[in-house]
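sequence first, then the predicted structure:
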Amino acid sequence: MRFLTAGESHGPQLTVIIEGLPAGLYLTAEAITKELFKRQGGYGRGRRMQIEKDTVEIMSGVRHGYTLGSPVTLIVRNDDHKHWLNIMGTAPIEQSAKEDMKRVITKPRPGHADLVGGMKYNHRDLRNVLERSSARETAARVAVGAVCKILLDQLDIEIFSRVKSIGGIKDNGVYSVETIREKNDANDVRVIDDTIAQQIRDSIDAAKKAGDSIGGEVEVTVLNAPAGLGSYVHYDRKLDGRIAQSVVSINAFKGVSFGEGFKMADMPGSAVQDPIAYDEGYIRLSNHLGGLEGGMTNGMPIVVNAVMKPIPTLYKPLQSVDIETKESYQASIERSDNCAVPAASIVCEHAVAFELARVVLEEFQSNYMEQLIEQVKAHRDRVRHY
Ligand SMILES: Cc1cc2nc3c(=O)[nH]c(=O)nc-3n(C[C@H](O)[C@H](O)[C@H](O)COP(=O)(O)O)c2cc1C
Ligand SMILES: C=C(O[C@@H]1CC(C(=O)O)=C[C@@H](OP(=O)(O)O)[C@H]1O)C(=O)O
């Protein structure tokens, strides 16, 4: 399975084509949209999210509610586009109004793609860069992940996420799966502890007031993935590596780890490796490694931690240089979120869902859903008795 996304942040729409889905998967636009709504929310988002009502439309590959095995095309219209008709229009530059040309961006924001993107593609208007480098694209990635979650649900594989810290304020509690499942969407910062949720909101407000931004850490959990997905035999088949690529490619994500993650550097081996036992199947007596050994799932929950840096657009901008005059200026200010960690946790969850679904479809015969379900069941039975 693979996908392509297209679309500029203030263009007419985002488009996704997903190729390689089995036939016979029950898929509705409403179910996908439900996941997109979660990404739209979250404390710290800017005004754009009040303009949009991210709603998915299915344009191909589904008939009477079921996938056909042909490419599935999804679109999400940008409601904000109507405010950008002249700026994002197709009229040749000579016909553009002087007013619009004044909105050319020449003062790159440190930490965003503006300067290097401009150098690389030889753009003089940095809007040509930011329109595509914007995390608007992550709405399309969530749409893909939502389809993947629906597919994985048919195989009893569940994926969810939560926020573990924002701006240094941590929700360090050890929570059961049931608690996380029940509480991760219960507040607008997606932490489990309500007192910490309020401290985080205050911290986001304080950063906003100071013209600053903050980042944080998120956790994605995958339950009931069968053992043996991925492979140890070659670098690009290792599932931990594939998940890491998928997650770090999300805008502003700078690090990923599994299970105990970077803490492992300070732990002895006896506290890191997970002892093996047998109880009508192979189990582990702990899950420090986060469900992955040798680039393969080991049957335990997969636990992915990921770090998002603070948003680069600052209302109190840092020093920059005007690319036309080469003079020192403050960077330009684009309308912006000041913290998008809660929204980004949803993106991360869906990026992991894509990698999981992709590896499942590689591993098992999957022209149609019944075949896939049967194959996964047979595999689970075999490894249980191995
Ligand atoms: C959900 C989400 C929302 C974001 N919103 C903004 C924003 O409003 N303003 C901004 O400057 N960056 C925002 N970012 C981050 C930038 O898109 C990102 O920093 C930029 O594309 C540069 O890429 P890099 O940080 O991965 O190097 C957001 C990221 C995510 C995941
Ligand atoms: C549009 C989304 O996020 C955008 C991501 C983003 C950026 O620079 O990454 C900048 C902002 O764009 P705008 O200037 O249009 O408000 C965010 O709103 C979204 O998440 O759907």
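Structure's in. What do you need? Ligands and ions are numbered 1, 2, ... in the order given.

all helices for the stretch 101-250 of the chain, in order.
Remark: helices assigned in the stretch 101-250 of the chain by DSSP state H, counting those that start in this stretch are 114-121, 127-133, 137-153, 177-183, 194-209, 239-248.

the residue of the stretch 101-250 of the chain found nearest ligand 1: what's it in contact with?
For the stretch 101-250 of the chain and ligand 1, the shortest gap (Cβ to the nearest ligand atom) falls at residue 135, measuring 3.3 Å. The C-beta positions use only the backbone N, C-alpha and C, and glycine is treated the same way. Residues in contact with residue 135 (Cβ atoms under 8 Å, 6 or more residues apart in numbering) are 250-252, 340, 344, 347.

repeat that for residue 117.
123, 126, 128-130, 133.

confirm residue 4 sits in a strand?
Yes. With DSSP: H, G, I helix; E, B strand; the rest coil as the criterion, residue 4 is located in a strand.

quick check: the gap between residue 321 and ligand 2.
Note on residue 321: its distance to ligand 2, by Cβ to the nearest ligand atom, to the nearest Å, is 20 Å.

now do residue 27
Taken as Cβ to the nearest ligand atom, the span from residue 27 to ligand 2 is 22 Å.

for residue 303, same thing?
26 Å.

check residue 238 too.
In terms of Cβ to the nearest ligand atom, residue 238 sits 29 Å off from ligand 2.

wait, what's in contact with the nearest residue to that residue once chain neighbours are set aside?
Spatial nearest neighbour of residue 238, excluding adjacent residues (Cβ to Cβ, 6 or more residues apart in numbering): residue 295 at 2.8 Å. Contacts for residue 295 (Cβ under 8 Å, 6+ apart) come out as 230-232, 237-241.

quick one: residue 349 is in a strand?
No. Per three-state DSSP, residue 349 lies outside any strand segment and is helix.

so what's it up against?
145, 159-161, 220.

by neighbour count, which of these wins?
residue 145 (31 neighbours; other Cβ atoms under 10 Å).

gap between that residue and ligand 2?
Residue 145 is 14 Å from ligand 2, by Cβ to the nearest ligand atom.

return the subset of the contacts of residue 349 lying in strands.
159-161, 220 (DSSP state E).

same list, the helices of the stretch 101-250 of the chain, but as CSV with mean pLDDT and distance to ligand 1 please.
Output for the helices of the stretch 101-250 of the chain, formatted as CSV (pLDDT from 0 to 100; distance: least, Cβ to the nearest ligand atom, whole Å):
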stretch, mean pLDDT, distance to ligand 1
helix 114-121, 98, 9
helix 127-133, 97, 5
helix 137-153, 98, 5
helix 177-183, 94, 21
helix 194-209, 97, 12
helix 239-248, 98, 8
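
most packed of those?
A comparison of the helices of the stretch 101-250 of the chain by mean neighbour count, using mean count of other Cβ atoms under 10 Å, puts helix 137-153 on top with a mean of 25.

who does that one touch, helix- and strand-wise?
On a contact count with 3 or more Cβ pairs under 8 Å, 6 or more residues apart in numbering; DSSP states H and E, helix 137-153 meets strand 2-6, strand 13-19, helix 29-40, strand 72-77, strand 158-166, helix 341-363.

ok, which residues in the chain are in contact with ligand 2?
Residues of the chain lying close to ligand 2 by Cβ under 6 Å from any ligand atom are 9, 46, 48, 134-136, 138-139, 251, 334-337.

of these, the lowest pLDDT goes to which?
On pLDDT alone, residue 334 ranks lowest of the residues of the chain next to ligand 2, at 82.

residues contacting the closest residue to ligand 2 within the stretch 151-300 of the chain?
Across the stretch 151-300 of the chain, the shortest distance to ligand 2 (Cβ to the nearest ligand atom) belongs to residue 251, at 5.3 Å. By Cβ under 8 Å, 6+ apart, the residues touching residue 251 are 133-135, 137-138, 344.

relative to ligand 1, how far out is it?
3 Å.

so what's the residue count around the nearest residue to residue 180 once chain neighbours are set aside?
For residue 180, ignoring the flanking residues on the chain, the nearest one in space by Cβ to Cβ, 6+ apart is residue 162 at 5.5 Å. Here the number of neighbours of residue 162 (other Cβ under 10 Å) works out to 23.

just residue 224 next, same as before
A count of nearby residues for residue 224, using other Cβ under 10 Å, gives 15.

so what's it up against?
Residue 224 makes contact with 156-158, according to Cβ under 8 Å, 6+ apart.

who wins for neighbours among those residues?
Result: residue 157 is most packed of the contacts of residue 224 (other Cβ under 10 Å), 23 neighbours.

I figured that residue hits residue 222, correct?
Yes. Here residue 157 lies in contact with residue 222, judged by Cβ atoms under 8 Å, at a distance of 6.6 Å.

can you list residues touching both of these two?
Taking Cβ under 8 Å, 6+ apart as the criterion, residue 157 and residue 222 both touch residue 356.

gap between the residue lying closest to residue 267 once chain neighbours are set aside and residue 285?
Leaving aside its chain neighbours, residue 267 sits nearest to residue 260 (6.7 Å; criterion: Cβ to Cβ, 6+ apart). Separation of residue 260 from residue 285 (Cβ to Cβ, to the nearest Å): 15 Å.

between those two, which one's more packed in?
Remark: of residue 260 and residue 285, residue 260 carries more neighbours, 19 against 8, as counted by other Cβ under 10 Å.
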